[in-house]
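J.: The following block contains a protein sequence and its predicted model.
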Amino acid sequence: MEVKDANSALLSNYEVFQLLTDLKEQRKESGKNKHSSGQQNLNTITYETLKYISKTPCRHQSPEIVREFLTAMKSHKLTKAEKLQLLNHRPMTAVEIQLMVEESEERLTEEQIEALLHTVTSILPAGPESEPKRNPDDAMGDDEDAA
Amino acid sequence: MFVLVEMVDTVRIPPWQFERKLNDSIAEELNKKLANKVVYNVGLCICLFDITKLEDAYVFPGDGASHTKVHFRYVVFHPFLDEILIGKIKGCSPEGVHVSLGFFDDILIPPESLQQPAKFDEAEQVWVWEYETEEGAHDLYMDTGEEIRFRVVDESFVDTSPTGPSSAEATSSSEELPRKEAPYTLMVRRSPRG
């Protein structure tokens, strides 16, 4: 076996979540024909990874939300890795942003950090834990899941 | 956290699976070989992303199975340096705090990377972070099951492929039992909470 490119692309948690859910559906549909020990590893890793990702805010995302988020992030001039971390973690405080963005004190002023926080919390849906809605914003328009 | 890795491999399909679609057989074989396994210097393989190219399948004399060279992409867990992750504390030992992500367990916070001052409570086998505020000293226990945010500082890959028979039998002073080393370990540093 040969590894051609060990870093060909970065994947967001949402993409992996989508992939694993589709894989699970596919395997369930094809029936219980190949429950050999060979598939046990795949079952284990799929189950554990899905369990982990389901507890993060990523499970409520969708391709449109991710696209919207990335276009909104263009103005802030962040690196790919930083945008990926913001997408995966959905920071809600300035401290979290300072952790994820390198040298944030020099690169971003306080208003910029506030604006960034606002973009993140308004575009990305909240995680499984309920979040007190401070001001009814525009982004929470289409699919509001009734608590 | 996850990256896409392009790989090439030759997949062997035994004759009794010839009735199935080639793509499905190949996907199953690749997942059987790589899922939940650590590839040296690459990371923990999760599942197949897609097959990019299938070359011609050959049948070799003496073996009825077909061999196909496959170019594919695999989803691999490989956090980059300085990435922030959230995990659960699995336990504490004198070596440090062990953190788990559910699907990946070998994450260690060495004592130097814990917020100072920190000390190990032998009685309860737990690390304690004692920090002073105006009121007095507070002790924060790193309890099992607690969620913890950390930053990846270092990673180490160990080649656990079996070695050949050792030449000198005289070297029996070192460990008699071969230690089970984790093929992929992450050293991390706890990031300050808000």
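T.: Ah, there it is.
J.: Identify each of the strands in the chain and give its residue range.
T.: Going with chain A. Applying DSSP state E to chain A gives strands spanning A:2-11.
J.: hmm, I had chain B in mind actually
T.: In chain B, the strands defined using DSSP E lie at B:2-13, B:38-39, B:43-59, B:66-77, B:84-93, B:96-100, B:107-109, B:118-121, B:126-132, B:137-141, B:147-157, B:184-190.
J.: The fifth one pairs with which strands, parallel or anti?
T.: In the sheet, strand B:84-93 lines up against strand B:96-100 (antiparallel), strand B:147-157 (antiparallel) (DSSP bridges).
J.: Over to the third one?
T.: Taking DSSP bridges as the criterion, strand B:43-59 sits next to strand B:38-39 (antiparallel), strand B:66-77 (antiparallel) in its sheet.
J.: Pick out the shakiest of those strands, pLDDT-wise.
T.: For these, mean pLDDT drops lowest on strand B:38-39, to a mean of 89.
J.: what comes into contact with that one?
T.: Strand B:38-39 is touched from outside by A:3, B:5, B:44, B:45, B:76, B:157, B:183, B:184, with contacts defined as Cβ atoms under 8 Å, 6 or more residues apart in numbering or on different chains. Every C-beta, even on glycine, is put in place using the N, C-alpha and C of the backbone.
J.: what residues are up against the spatially closest residue to the third one that is not a sequence neighbour?
T.: It refers to residue B:44. Leaving aside its sequence neighbours, residue B:44 sits nearest to residue B:77 (Cβ to Cβ, 6 or more residues apart in numbering or on different chains; 4.3 Å). Neighbour list for residue B:77: A:49, B:1, B:2, B:43, B:44, B:45, B:46, B:103, B:104 [criterion: Cβ under 8 Å, 6+ apart].
J.: in chain A, which segments are predicted with low confidence?
T.: Along chain A, the parts satisfying pLDDT under 70 run over A:31-37, A:127-147.
J.: Walking through chain A, point out its helices one by one.
T.: A:13-29, A:40-54, A:63-73, A:80-89, A:94-100, A:104-107, A:110-123 (DSSP state H).
J.: Give me the contacts around the fourth one.
T.: Read that as helix A:80-89. Against helix A:80-89 from outside (Cβ under 8 Å, 6+ apart): A:10, A:12-14, A:56-58, A:61, A:66, A:69-70, A:73, A:78, A:96-97, A:100-102, A:116, A:120, A:124, B:1, B:80, B:83-84, B:86.
J.: what about burial for the residues you listed, which qualify?
T.: Those of the contacts of helix A:80-89 that meet the buried threshold are A:10, A:12-14, A:56-58, A:61, A:66, A:69, A:73, A:78, A:96-97, A:100-101, A:116, A:120, A:124, B:1, B:83-84, B:86, by 16 or more other Cβ atoms under 10 Å in any protein chain shown.
J.: domain parsing for chain A?
T.: A:12-25+A:37-59, A:63-123 (the TED database).
J.: Just say which of the ones you listed is most tucked in.
T.: domain A:12-25+A:37-59 (a mean of 18; mean count of other Cβ atoms under 10 Å in any protein chain shown).
J.: got the end-to-end distance for that one?
T.: 11 Å (Cα to Cα, to the nearest Å).
J.: Mind checking if it is in reach of chain B?
T.: Yes - counting by Cβ under 8 Å from any Cβ of the partner chain, contacts between domain A:12-25+A:37-59 and chain B involve A:12-13, A:15-16, A:19-20, A:23, A:38-39, A:41-42, A:44-46, A:48-49, A:51-52, A:56.
J.: burial count for residue B:23?
T.: 12 (other Cβ atoms under 10 Å in any protein chain shown).
J.: Just list the residues touching the closest residue in space to it that isn't next to it in sequence, thanks.
T.: Once flanking residues are discounted, residue B:23 sits nearest to residue B:51: 6.4 Å by Cβ to Cβ, 6+ apart. Applying Cβ under 8 Å, 6+ apart, we find residue B:51 in contact with B:23, B:26, B:27, B:70, B:71, B:72.
J.: any idea which of those is closest to residue B:14?
T.: Checking those against residue B:14 with Cβ to Cβ, the nearest one is residue B:26 at 12.4 Å.
J.: Surely that closest one touches residue B:69?
T.: No - applying Cβ atoms under 8 Å as the test, residue B:26 and residue B:69 come out as separate, 10.5 Å apart.
J.: Of these two, which one has the most company?
T.: The neighbour count for residue B:26 versus residue B:69, taken as other Cβ under 10 Å, is higher for residue B:26 (22 against 14).
J.: which parts of chain B sit against chain A?
T.: Counting by Cβ under 8 Å from any Cβ, chain B sits next to chain A at B:1-9, B:28, B:31-32, B:35-37, B:39, B:41-42, B:46-47, B:49, B:71, B:73, B:75, B:77-78, B:80, B:82-84, B:86, B:101-103, B:149, B:151, B:191-194.
J.: quick one on the thing from earlier: ranking the strands of chain B by burial, who's on top?
T.: By mean count of other Cβ under 10 Å, these have strand B:107-109 as the most buried, with a mean of 23.
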